[in-house]
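Undergrad: what's the 3D shape of this:
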Amino acid sequence: MKPTPGLRRQIIQSLAVMALGIIGLSVIGSYVFYGFALTYLPDSISDTLMPSRVELIWIVCTIIAALSLAVFVAMRLSRRLITPLNSVAHSLRDVAEGKLDARAPMDDRAMGETAQLVRDFNAMAERLQGMTREREFWNAAVAHELRTPLTVLRGRLQGLAEGVFTPSSELFEGLLRQVEGLGRLVEDLRVVSLKDSGHLEVQRIEVRLAEELDSVLQAFAAPWRTGAFSCIRRWTPLYR
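TA: Residues are numbered from 1 along each chain as shown. Predicted coordinates for the structure are as follows:
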């Protein structure tokens with residue numbers, strides 16, 4: 001792939017071409033005009049400081065041609081500069097309005113820095129949209145993970161209040177484990193917030209997977225599973 005010239009280089013080249021074209025038109029055109037006039041129309045050349053009618057026509061035509069060349073170069077250069085900038089500006093407005101799928105179209109005539117600006121903006125918008133999707137998924141996952149232990153706690157406490165469960169040390173230990181699970185979820189949320197802010201320091205430790213699984217299984221042990229399930233069914237519609 002051929003590298004795109006830089007913006008500064010393109011501007012210098014365009015202005016140099018325009019200057020050379022105007023100089024060439026003025027100098028070479030003057031030589032051609034006066035050579036033709038002296039050969040075929042010698043009486044049309046003025047001997048004073050005031051130009052003749054033919055010379056005035058030539059001066060006006062030269063000015064018009066020079067202005068036309070300057071306008072052509074300026075329009076071509078501005079189109080290659082303004083078009084990608086306008087596309088980025090319109091896409092920025094869409095992103096500011098919440099349309100994260102907005103992308104700036106890439107113009108084939110865009111030059112180095114402006115083309116890179118369009119690519120960087122599209123990459124930024126793509127990353128922002130991806131982060132938003134991940135945050136929505138994360139929020140839904142957190143809500144689901146918090147809902148389950150809260151529902152179990154509420155069901156068992158309601159069962160205790162209504163006399164469905166008999167208070168026992170095992171029951172209270174199960175409730176305590178549910179509270180500890182909620183505490184771990186809160187701690188996980190704090191860790192995620194530290195990661196997002198760039199203040200997370202990772203410390204690796206070894207854990208016994210069997211013990212972790214056993215603590216989870218004990219939270220749903222058989223002595224209160226039947227009664228808890230009946231209370232959970234009672235409160236489940238409140239969380240749908």
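
Undergrad: quick one: the residue lying farthest from the centre of the chain from residue 187, how far?
TA: The outermost residue of the chain relative to its centre, with distances by Cα atoms, centre = their mean, is residue 43 at 70.3 Å. Residue 43 sits 102 Å away from residue 187, going by Cβ to Cβ, to the nearest Å. Just so you know, the C-beta spots here come from the backbone N, C-alpha and C atoms, and that holds for glycine as well.

Undergrad: ditto for residue 53
TA: 94 Å.

Undergrad: quick one, what contacts the residue lying closest to residue 18 once chain neighbours are set aside?
TA: Distances taken as Cβ to Cβ, 6 or more residues apart in numbering put residue 73 closest to residue 18, at 4.2 Å, once the chain neighbours are dropped. Applying Cβ atoms under 8 Å, 6 or more residues apart in numbering, we find residue 73 in contact with 14, 15, 17, 18, 21.

Undergrad: so for the last one, what's the pLDDT?
TA: The model reports residue 21 with a pLDDT of 87.

Undergrad: and residue 103, what does it touch?
TA: 91, 122, 125, 126 are the contacts of residue 103 under Cβ under 8 Å, 6+ apart.

Undergrad: save those as JSON lines, and put in distance to residue 203, secondary structure and pLDDT too.
TA: Formatted as JSON lines, those follow (distance: Cβ to Cβ, whole Å; DSSP: H, G, I helix; E, B strand; the rest coil; pLDDT from 0 to 100):
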{"residue": "91", "distance to residue 203": "42", "secondary structure": "helix", "pLDDT": "87"}
{"residue": "122", "distance to residue 203": "38", "secondary structure": "helix", "pLDDT": "89"}
{"residue": "125", "distance to residue 203": "36", "secondary structure": "helix", "pLDDT": "88"}
{"residue": "126", "distance to residue 203": "33", "secondary structure": "helix", "pLDDT": "88"}
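
Undergrad: what is the nearest of these to residue 212?
TA: Nearest to residue 212 out of the contacts of residue 103 is residue 126 (Cβ to Cβ; 37.6 Å).
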